[in-house]
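Colleague: Sharing a sequence plus its predicted fold:
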Amino acid sequence: MYNMLLIAMIIVGLLIIIAVLMQPSKQQDALSALSGGAGDLFATQKARGFEAVMQRITGILGAIWFILGLALVYLSSH
């Protein structure tokens, strides 16, 4: 059981890396973070389409990875 959860955690971790790399680039946002971003104060938009799907997938995979980690800790202590 422990080995199956460990393999599942590794696979989910790789899927998280792929999902993060597939997300669209936000170079303007990174630049405004360094310069203060006062010009973009009211220009924030809700993520739509592919970006929203990738954010949701990344969040779900992160939650699954965290739960698998907790399950592995529980199994290793008992």
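Modeller: Sure thing, it's come through.

Colleague: in this protein, which residue is closest to the centre?
Modeller: Thr58 (3.7 Å; CA atoms, centre = their mean).

Colleague: This structure: helices as residue ranges?
Modeller: 2-22, 27-35, 50-77 (DSSP state H).

Colleague: For those helices, give me CSV that also has mean pLDDT.
Modeller: Shown next, in CSV, are those (pLDDT from 0 to 100):
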stretch, mean pLDDT
helix 2-22, 95
helix 27-35, 61
helix 50-77, 94
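
Colleague: Pull the contacting residues for the spatially closest residue to Ala19 that is not a sequence neighbour.
Modeller: Nearest residue to Ala19 in three dimensions, chain neighbours excluded: Thr58, at 4.6 Å (CB to CB, 6 or more residues apart in numbering). Just so you know, the C-beta spots here come from the backbone N, C-alpha and C atoms, and that holds for glycine as well. By CB atoms under 8 Å, 6 or more residues apart in numbering, Thr58 lies in contact with 16, 19-20, 23.
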